[in-house]
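# Everything below, folded, please.
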Amino acid sequence: MRPLMIVSTGTPPPEIRARHGDYADWFLHALRWPRAQALVVHVDRGESLPAPETIAGAVITGSMAMVSERARWSECTAAWLRMALDANLPLFGVCYGHQLLAHALDGRVDYHPQGREIGTQRIELLAQDQALSVLAPLPMHFAAHTTHRQSVLEAPRGARVLARTAHDAHHILAYGARAFTTQFHPEFSTAVMRALIMRRAADLRAEGYDLDALLHEVRPTPWARRLLRGFGRLCRTEIAAIDPHAAMARQAA
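Here you go, the predicted model:
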C-alpha cells in the first residue's frame, strides 16, 4: 500500500514539542491517519524525498524557517514539488508548505508588509471552488488558526485564490484538482495555538497586540480541520484506485 507522506520542513520549539509532539504528530492526528501507513521525511535534515509514484499523496508542513532564505534543502523540496505537481500527485501544503509551492511556481513570497498574523482568524472564502468542495463544502466564513510573518505576496500564474483574511490576501490557493495549500493551520489544536501565542508573548506585546484578547479569541476550528480530513479521503481514494485489494483489507481490519 502506498503511504501518505508528511514532508516535515522543521520542528516545533522544544518546550512545545515536549508537551504536544512534533509536526507529523499534529497532522496525522488531524487526518486520522495511522502512523504505520505514513512516511515522514524530514527534508530540513537532508532526508531524501521518494519518487511521486511511490506515495499516495503528500502534506508539506509549516516551519520556523523562512522560504525567502532559500536554504538548499528548501530549494530541493521546491524542485520536488514541481515534479510532484506535474505527476498529478495529491498535495496539501500548510504555511511554509503553502508558501514553498507558490515559490516553486514563481509566485512571490516574503515578509508581509503589515507584519505578523497570529491567532484564530476569520477566513473569508472567495469562491465555491468545485475541486475544493470535494475536500469539504466550506461556508463563506469560518475560523482557522494562524501564525506567520511571511506570506504569498503574489500568487503564481494559474493558481486559484480561494480565501483570504483581512490581513492576508492568499489564505487558500489551489492548483488543478488535486493540489491545495493554506496559509492557516488546519492541524493546530486550540492548545497548540495558545502555546504558540504564549511563547511569543513578549514579542506580541512589543508589536502592540492585546495578548488577553488573542488568547480569548482562540477557539476550535472544525471547518479548517474538515478541509484537511477531506484531503485524507482524497488520498485514500488514490490508494483504492491503485490497489483495491489493499483498500478492502484496510477496511476489514
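
# Any idea how far apart the tips of stretch 5-21 sit?
18 Å (C-alpha to C-alpha, to the nearest Å).

# One more: stretch 179-198?
33 Å.

# in it, what's buried?
179-189, 192-197 (16 or more other C-beta atoms under 10 Å). C-beta here means a position set from N, CA and C on the backbone, and glycine is covered the same way.

# average pLDDT for it?
The average pLDDT for stretch 179-198 rounds to 98.

# now do stretch 159-172
Per-residue scores along stretch 159-172 average to 98.

# And the contacts of it?
Contact partners of stretch 159-172, identified using C-beta atoms under 8 Å, 6 or more residues apart in numbering, comprise 102, 105, 107, 112, 114, 117, 121-127, 129, 132, 144, 146, 148, 151-152, 155, 173-175, 180-184.

# got the buried residues for it?
159-165, 167-172.

# Repeat that for stretch 3-18.
Buried-residue list, stretch 3-18, by 16+ other C-beta under 10 Å: 3-12, 16.

# Okay, and which of those residues map to strands?
4-8 (DSSP state E).

# Most widely separated two among these?
Maximum pairwise distance in those, criterion C-beta to C-beta, is 12.9 Å, between L4 and S8.

# Run through the bridge partners of the residue nearest the centre of the chain.
In the chain, the C-alpha nearest the mean C-alpha coordinate belongs to V94, at 1.7 Å (C-alpha atoms, centre = their mean). Taking DSSP bridges as the rule, V94 bridges to T182.

# these two touch, right, it and F180?
No: using C-beta atoms under 8 Å as the test, V94 is too far from F180 to be in contact (9.7 Å).

# Give the full set of residues in contact with R70.
Counted by C-beta under 8 Å, 6+ apart, R70 has zero contacts.

# Let's see the helix or strand hosting S151 as PDB, backbone CA atoms only.
Using DSSP states H and E, S151 falls within strand 150-154. The C-alpha trace of strand 150-154 is given here as PDB (Å, rounded to 0.1, in the frame of the first residue of the first chain):
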ATOM      1  CA  GLN A 150       5.900  35.700   5.600                       C
ATOM      2  CA  SER A 151       3.100  35.400   3.100                       C
ATOM      3  CA  VAL A 152       2.500  34.700  -0.600                       C
ATOM      4  CA  LEU A 153       2.500  38.300  -1.700                       C
ATOM      5  CA  GLU A 154       1.900  37.400  -5.400                       C
END
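
# name the helices or strands packed onto that strand?
helix 96-104, strand 108-111 (3 or more C-beta pairs under 8 Å, 6 or more residues apart in numbering; DSSP states H and E).

# tell me the average confidence for the last one?
By that I understand strand 108-111. Across strand 108-111, pLDDT averages out at 98.

# Now for W223, how many residues are close by?
18 (other C-beta atoms under 10 Å).

# ok, now A206?
9.

# quick one, what contacts it?
A206 neighbours (C-beta under 8 Å, 6+ apart): none.

# And it, how far from R194?
Distance check for A206 against R194: by C-beta to C-beta, to the nearest Å, it reads 19 Å.

# what about the helices in the protein?
In the chain, the segments counted as helices under DSSP state H are 14-20, 23-31, 72-86, 96-104, 130-135, 190-199, 201-206, 211-217, 222-242, 244-252.

# Low-confidence ranges, this structure, go.
Along the chain, segments meeting pLDDT under 70 span 243-253.

# redo that, cut-off 90
Residues of the chain that meet the criterion pLDDT under 90 lie in 1, 127-128, 238-253.

# surely P3 meets Q37?
Yes: P3 is in contact with Q37 according to C-beta under 8 Å; the separation is 5.6 Å.

# what's the closest non-adjacent residue to A131?
Distances taken as C-beta to C-beta, 6 or more residues apart in numbering put A177 closest to A131, at 4.3 Å, once the chain neighbours are dropped.

# Now tabulate the ones in strands among the buried residues of stretch 3-18 in a markdown table and tack on distance to G46.
Converted to a markdown table, those look like this (distance: C-beta to C-beta, whole Å):
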| residue | distance to G46 |
| --- | --- |
| L4 | 22 |
| M5 | 16 |
| I6 | 16 |
| V7 | 13 |
| S8 | 12 |
